[in-house]
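Asker: here are the coordinates; sequence isn't available:
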């Protein structure tokens, strides 16, 4: 990536019509879009729809936005798999993706999900075609295959939790009644939180196929004016859609109006969304540490001479090796992830059944909730504190929601209900049955209940499963950071795509090595699984409570669910998760401080970056250079149009960057041909060559706008014999020759001649660097926030990818903004 660039933001495009350089497209019949290159579907008015990665989001102001990530305002999320939009007055749950498409298309047929041509629906009553049965069978097979793949990506942390749940508990002379009560707590936690909350409700609260706390925040921002920070629009176009939506659907609820009026409430909501995301990053630190450490601890059973420091050293070595391999990507070994996790998922319940039959066949009587009541009556305060250990049984459940963008909702539901949930219920039942007969073996609660003949095979499977679970969380952390960077919610770090086929496979060197240091530090610093479990419990339950609160807001503000149904959901889960939080908070001094410290530091970094970018955006919008102002500047007698071709990089949406005025006033010149270049990042693999470079004229002669679109697998260094200047000038010449809306007083031939002459005279690339100057009269809050922002800005990477520009052609224009 090129260094030293400030305000060239990835994926920002100025509003207004931008003309593609390909031949004019014919509108298909019946209002159905057709394919224009891989992954693109064009509507009759030539508005591009990008399936999966870019979904159409509808705001109350009748705008359609194609967005790419979990944002803090009307922008959708990254790597979407399905699109759902709620119709609150009609249904308490969001509509299906088909309904969403039909609604957005103004009763037109649904668009295809790929790059192929859209098929029109039969006109005779809308009956499905004869191939519908085959399509249904194909969808079933696809969902089953995706459900199988989720085992290696989504459920790694959840399904490996039996390795460390019982060892993390601080039990003291446990009795049979204690173990029955603990199993009853774990069973109902898995059932209520796993099945009812996530599988039954939360998966329906996606934001165009993407899940997680930021996705729900995006959903809320789009249905009520509650965002407090600007988002980076990737693509927006005004269209009078939603004419069939009722007035009630667009009218904000009373709770929505409260958030719109209260800046404090909006800030608290934003903080919750940020904290939820930061807690997931904290999960990426703790899951590798506790999973690998618990798996390698199995060496101490057959070899008592193996000490705890040896186990810690081996675990740290495995993790260091895993982190060092991240730069090569996971494509070559990812096909092994699902088989490994499938082997773990289906062997542990078999051992559990064996243990139930051998040690305690009546274990399932503990499903009765009265065992929970007896457990708390008998253990009182100690029983309440043990909740901090039992909460680990639901570790990784949030991944079902957070990873929704990579799989379909149905695939995740199938995988959880058919394999993960039964596996955990049977595995914990088998562990508990063994411990009832061996009450003091809870410190090694997993390996002790494994039969001797299969001990070493299970040790190998457990170690591999722990590594796969660690890899899943590491990859998820990379993805979250990348999503935040793409939409300018986090300081820019280097992000490398390790696969040309899979958008989600990314690697960030800075993040990778920070994670490695923190994971190894956790293992060597905390040592025992109990201490790490204390820290882990804080992360697990805090994310879940934030999800519960935000999901309640979604029900009220968007779905318009009746209040008694909202209460039936919110009250029980707030009580359950609040009880867990009250227990894990007692572990703050015993390790629970770590995720809080990490999360608060990350949240502070994000908010400081947000605030600094907001102040810059406000300054640019207030001081932007309009086309009229540009004409006035060029009309000044001291300003000369010097020969040459200038590429001026800008990210302003409406108008031109203030640095342009600064440049003209100080240089008293502008090149005869000046092209304002904006980069637009699209979440597709490769942008079709016909759509790569889009140009249009601006007002004064010789001034143009150019938008360069690129996907995650596109090489922006433009190697291979063709450079940026050649591509842009060639496209611009074609545009001049084929344009029908000429506004220039000179002829086409003269305009083309000027372009060629300017290129021969010399090429220069101008980039702006606007910095804050914090004066003594600035407020204390501004001083702290903006000084921190300037520090972060100074150490982060450039926003402009390397475009293969010769060093001698680069010019940087600095500008100070006094606060």
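Answerer: Received, thanks. Worth saying up front: this structure is predicted, and the values here are computed from it rather than measured.
Asker: every contact and neighbour count from this point should use C-alpha atoms.
Answerer: Noted.
Asker: where does pLDDT dip in the stretch 551-700 of the chain?
Answerer: Within the stretch 551-700 of the chain, the stretches with pLDDT under 70 are 653-654, 683-685.
Asker: can you map out the helices along it?
Answerer: All helices of the stretch 551-700 of the chain, identified by DSSP state H, counting those that start in this stretch, fall at 563-584, 593-622, 627-635, 658-667, 689-692.
Asker: wait, which of those is closest to residue 363?
Answerer: helix 563-584 (23.5 Å; CA to CA).
Asker: tilt between the longest helix along the chain and helix 593-622?
Answerer: Ranked by residue count and defined by DSSP state H, the top helix of the chain is helix 263-296. Helix 263-296 runs at 140 degrees relative to helix 593-622, counting by axes from the mean of the first three to the mean of the last three CA atoms, to 10 degrees.
Asker: can you name the element that comes right after helix 263-296?
Answerer: Sequence order places helix 308-324 as the next helix or strand after helix 263-296, per DSSP states H and E.
Asker: right, and the helix or strand after that next one?
Answerer: helix 337-359.
Asker: buried residues in that next one?
Answerer: For helix 337-359, burial by neighbour count (16 or more other CA atoms under 10 Å) applies to 337-342, 344-346, 348-349, 351-356, 359.
Asker: hang on, the earlier thing: could I get the helices of the stretch 551-700 of the chain as CSV with distance to residue 746 and mean neighbour count?
Answerer: Below are those laid out as CSV (distance: least, CA to CA, whole Å; neighbours: other CA atoms under 10 Å):
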stretch, distance to residue 746, mean neighbour count
helix 563-584, 66, 16
helix 593-622, 32, 18
helix 627-635, 17, 15
helix 658-667, 24, 17
helix 689-692, 27, 16
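Asker: adding distance to residue 812, write the ones you listed out as CSV.
Answerer: Below are the helices of the stretch 551-700 of the chain laid out as CSV (distance: least, CA to CA, whole Å):
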stretch, distance to residue 812
helix 563-584, 52
helix 593-622, 18
helix 627-635, 20
helix 658-667, 10
helix 689-692, 25
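Asker: closest to residue 308 out of those helices?
Answerer: Checking the helices of the stretch 551-700 of the chain against residue 308 by CA to CA gives helix 593-622 as the closest, at 21.7 Å.
Asker: picking up where we left off before, which one of the helices of the stretch 551-700 of the chain lies closest to residue 509?
Answerer: Going by CA to CA, the one of the helices of the stretch 551-700 of the chain nearest residue 509 is helix 593-622, 17.3 Å.
Asker: run the angle between the closest one and helix 658-667 for me.
Answerer: Using the same axes, to 10 degrees, helix 593-622 lies at 60 degrees relative to helix 658-667.
Asker: tell me what helix 593-622 is packed against?
Answerer: helix 263-296, helix 529-554, helix 780-795 (3 or more CA pairs under 8 Å, 6 or more residues apart in numbering; DSSP states H and E).
Asker: quick one: distance of that helix to the chain centre.
Answerer: Averaging C-alpha positions (CA atoms, centre = their mean, to the nearest Å) puts helix 593-622 17 Å from its chain's average.
Asker: same deal with stretch 351-369?
Answerer: Distance of stretch 351-369 from the chain centroid (CA atoms, centre = their mean) equals 40 Å.
Asker: end to end on it, go ahead and measure it.
Answerer: Distance between the two ends of stretch 351-369: 25 Å, counting by CA to CA, to the nearest Å.
Asker: ok, residues contacting that stretch?
Answerer: Residues from elsewhere that reach stretch 351-369, judged by CA atoms under 8 Å, 6 or more residues apart in numbering: 180-181, 183-185, 187-188, 426-434, 436-437, 449-451.
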